[in-house]
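Visitor: starting from these lines, generate the structure:
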Amino acid sequence: MNEMRRKLTTIFSADVQDYTRLMGADEEGTLAMLKWSRDAMSRLIGAHGGRVINTWGDGLIAEFPSVVEAVRAAIDVQNELVGINAARPAEGRMLYRIGINLGDVIAEGDDLYGDGVNIAARLQASAAAGGIVISNTVYDQVRNKVAVGFDFLGPLTVKNVSEAVPSYAVRIGDDVSTTPAPPARPLPAAAAAAAPARGRPLAPKVRKIGGVFAVVAIALVVINLLTWQGEFWAVWPLLGLAFVAAMAWNRNQSRFDQRLAGLAAIGIGIVIINLLTWHGVFWAIWPLLGLAVAVGLRWAMRR
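Guide: Numbering: from 1, shown residues only. Prediction:
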């Protein structure tokens, strides 16, 4: 007989938005997508040190010893699932909702019970399709450790829990229910057969950033040429604009780790400055070495 004990752990709860509707429209294709997406989710949960506790229908419960790794796993899951949906029509996309809570639970064998689990399930039910909602206990642990933004949603009422739970939505990029993205992994054969190919338009924010940059860049070049005195000084404000545009793009993308992408943009900028001010010395090697160390530490801590 398994002994009951209490412990503090991080609960990860996920389910599929509109699963019943998807099954009604295409049972075989939906089941194939469910299996593929659940395998991908289980793999990413394990890669971040978590374990799947239970699955039922379209739902899944997992636990993590690390709050930070639980949130990172959820972000990786949603980013990878974007690829699954990229080639599917909007009405046929399988979008997961994820809720994460850090709380005290009752453990009996491999199963978990208690308010900590119930709160995670309630957070998941309140999440947008393709989104992640976390409790304030999770937010307090990860707000300075994960390269994403958070939107405060206010107190969330949970059945049989006396006090409302403050909750936050994790901001991981554009709404995946309307904005397609390139596939992260090949689709399974059954799912691919049901998914017509589609193009991927640029996100509106990215298009706006590119348009503003192009207009200002052209204006600077024209002014430089009209006031030409033998020096192409426009290269410096153009370089500054390119860096600002790269940072703005980085804040609105979710395909890459935002901190690593930011460091890469800084490194490229340093090399360009070195080349534009070339005096026979490649001094950029030293700041690049420092950035490489920062990237290595970031990668090691993430693993």
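Visitor: helix, strand, or coil at the residue of the chain most remote from its centre?
Guide: Here the centre of the chain is the reference, and by C-alpha atoms, centre = their mean the most remote residue is residue 229, at 48.3 Å. When classified by DSSP: H, G, I helix; E, B strand; the rest coil, residue 229 comes out as coil.
Visitor: ok, residue 49 next?
Guide: From three-state DSSP, the assignment for residue 49 is coil.
Visitor: do the one 3 residues further on as well
Guide: Following three-state DSSP, we place residue 52 in the strand state.
Visitor: any idea how far it lies from residue 263?
Guide: 33 Å (C-beta to C-beta, to the nearest Å). Using the backbone N, CA and C atoms, a C-beta is placed for each residue, glycine as well.
Visitor: also residue 76?
Guide: 19 Å.
Visitor: again, but for residue 151
Guide: Taking C-beta to C-beta, one finds residue 151 at 26 Å from residue 263.
Visitor: and residue 84, by the same measure?
Guide: 29 Å.
Visitor: domain parsing of this protein, as residue ranges.
Guide: Domain assignment of the chain by automatic domain parsing yields the ranges 4-193, 204-302.
Visitor: rank these by mean pLDDT and give me the bottom one.
Guide: Among the domains of the chain, domain 204-302 carries the lowest mean pLDDT, a mean of 80.
Visitor: tell me the gap between it and the middle of its chain.
Guide: Relative to its parent chain, domain 204-302 has a centroid offset of 23 Å by C-alpha atoms, centre = their mean, to the nearest Å.
Visitor: cool, and stretch 146-162?
Guide: On C-alpha atoms, centre = their mean, the centre of stretch 146-162 falls 18 Å from the chain's centre.
Visitor: got it, and stretch 162-173?
Guide: For stretch 162-173, the distance to the chain centre is 16 Å (C-alpha atoms, centre = their mean).
Visitor: okay, it in PDB with CA atoms only?
Guide: The C-alpha coordinates for stretch 162-173 follow below in PDB (Å, rounded to 0.1, in the frame of the first residue of the first chain):
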ATOM      1  CA  SER A 162     -10.900  29.900  -0.200                       C
ATOM      2  CA  GLU A 163      -8.700  32.600  -1.700                       C
ATOM      3  CA  ALA A 164      -8.500  33.700  -5.300                       C
ATOM      4  CA  VAL A 165      -5.200  33.000  -7.000                       C
ATOM      5  CA  PRO A 166      -3.400  35.900  -8.800                       C
ATOM      6  CA  SER A 167      -2.400  34.700 -12.300                       C
ATOM      7  CA  TYR A 168      -0.200  35.800 -15.100                       C
ATOM      8  CA  ALA A 169      -0.200  35.000 -18.800                       C
ATOM      9  CA  VAL A 170       3.300  34.200 -20.300                       C
ATOM     10  CA  ARG A 171       4.000  36.400 -23.300                       C
ATOM     11  CA  ILE A 172       5.800  34.100 -25.800                       C
ATOM     12  CA  GLY A 173       5.100  35.800 -29.100                       C
END
